[in-house]
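S.K.: what follows is a predicted protein model with its sequence.
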Amino acid sequence: MTVADSIRPVIDRVQKRALLVGAVGVIATLALGFHDWTQFFHSYLFAYVYWMVFAMGSLAFLQLHHMTGGKWGLPIRRILEAGSRTIPVMFVLWLPLLAGIKKIYPWAANPEMLGDEPSDHFRRLWLQPGFFIVRAFIYFAVWSLLAFLLNKWSAEQDRTADVRLKEKMTSLAAPGTVLWAITWSWAMVDWVMTLEPIWYSSIYGMVFMVISLLSAVSFSVIMLRMLDRYQPLHDSYEPARLNDIGNFMLTFTLLWTYMSFAQFLIIWSGNLKQEIPWYKVRAFTSWGYIAAALLVLHFFVPFFILLQRRVKRRLERLSVLAFWMLLISLVDVFWLIVPAFPNQRTGPHVSPVDICALAGIGGIWISAYLAQLKKMPLLPLHDPRFEGVLEHSHGD
């Protein structure tokens, strides 16, 4: 049994359109790349990281659901599972970056820039291109295995109603979250932080962890809004469950603010010449306008909105805010990554290649996501945590 027949034509139609957008976007990105391959790989990395946070955030939030067992997970569990199953697709989309490793990362083209001091030896060892690639394969293997097991057991639970499968998923979720946190933070250090290899931050990976979680829960709210008119999803939640999901959005918004400010405070108070330039570019050039906008639009605006229960308890209102959070997270990822490129350090410039790469990778990811969403029922079956939920849920 998969998604209801009433919704399948809708998903099929959107999937085809997304795939068309993705194909056009990829072709346009490649065409523009022939004129400037450096810009091509810079834009591709930015677009790739943005869409990758949805797959990784889905995996993490799915494991959080299994650890807590909250009833808030009923309407969005299959949304999260479908997102986690796109990780193999993101692995394939990561492979083109290997062709441009020397155009993206200055340490790959010029290892001497890493220095010869004893304190630089570990950096030189860590940033060997071969070791860099091996680590990436390990990351994807860990993520794919976690997603495979959680989805496999969830599908088996649908078929067999074996209550022991719940315990398997719960038992895997805690160590799986630890593995996710380590590998995802290391991946962001490898793929993004080393764009400026002399600069470092111990919080950097955690910033991307929070962005991933916030993006995943926001995307889940949007998908729930799109699927809400169809049964049985329409009757799978009540305002209290939406309130819980809204509280997660509030929590991750606060956590993003805390991590971002903590990183700034530690680096700025340390006043080290290797670290300060990272913020000088992002705060004291025209990039500073984006930094100020992020402070207002990524923290203050959603914070005060999410304090209101009437927003969190109504799906149509919460979904509007969720869409806003996805847009502002895109700006956040742009601000974190793009100033590292030499031609962008004086101020932001949105290249047509950036837009095409976002559309290309995004279209492919959304198409792959919808293909996965169709493979299983919209609600998990036979999970003892959700017994009686549908009988006691009402629209509002």
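M.R.: Now that the structure is in, tell me what you want to look at. From a predicted model like this one, the values you see are computed outputs, not experimental measurements.
S.K.: which SS class is residue 184?
M.R.: helix (DSSP: H, G, I helix; E, B strand; the rest coil).
S.K.: quick one: contacts for the closest residue to it other than its chain neighbours?
M.R.: Leaving aside its chain neighbours, residue 184 sits nearest to residue 56 (5.4 Å; criterion: CB to CB, 6 or more residues apart in numbering). Bear in mind the C-beta positions are built from the backbone N, C-alpha and C, glycine included. Shown in contact with residue 56 (CB atoms under 8 Å, 6 or more residues apart in numbering): 87, 143, 180, 184, 212, 216.
S.K.: let me know the pLDDT of residue 56.
M.R.: Note on residue 56: pLDDT of 98.
S.K.: could you list the buried residues of the helix or strand hosting it?
M.R.: Residue 56 belongs to helix 37-68 when assigned by DSSP states H and E. Neighbour-count burial for helix 37-68 flags 39-67 (criterion: 16 or more other CB atoms under 10 Å).
S.K.: same question for stretch 76-89.
M.R.: 76-87, 89.
S.K.: check stretch 169-176 too.
M.R.: 169, 170, 172, 173, 176.
S.K.: which of those fall in helices?
M.R.: 169, 170, 172, 173, 176 (DSSP state H).
S.K.: any chance of these in JSON lines, plus pLDDT and distance to residue 365?
M.R.: Shown next, in JSON lines, are these (pLDDT from 0 to 100; distance: CB to CB, whole Å):
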{"residue": "169", "pLDDT": "96", "distance to residue 365": "25"}
{"residue": "170", "pLDDT": "95", "distance to residue 365": "29"}
{"residue": "172", "pLDDT": "97", "distance to residue 365": "25"}
{"residue": "173", "pLDDT": "97", "distance to residue 365": "24"}
{"residue": "176", "pLDDT": "98", "distance to residue 365": "22"}
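S.K.: of these, just say which sits nearest to residue 105.
M.R.: Nearest to residue 105 among those: residue 176, at 29.5 Å, using CB to CB.
S.K.: and the closest one, what does it touch?
M.R.: 63, 146, 150.
S.K.: same list, these, but as a markdown table with distance to residue 262 and pLDDT please.
M.R.: Shown next, in a markdown table, are the contacts of residue 176 (distance: CB to CB, whole Å; pLDDT from 0 to 100):
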| residue | distance to residue 262 | pLDDT |
| --- | --- | --- |
| 63 | 24 | 97 |
| 146 | 28 | 98 |
| 150 | 31 | 98 |
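S.K.: wait, which of those is closest to residue 198?
M.R.: Nearest to residue 198 among the contacts of residue 176, with distances taken as CB to CB, is residue 146, at 33.3 Å.
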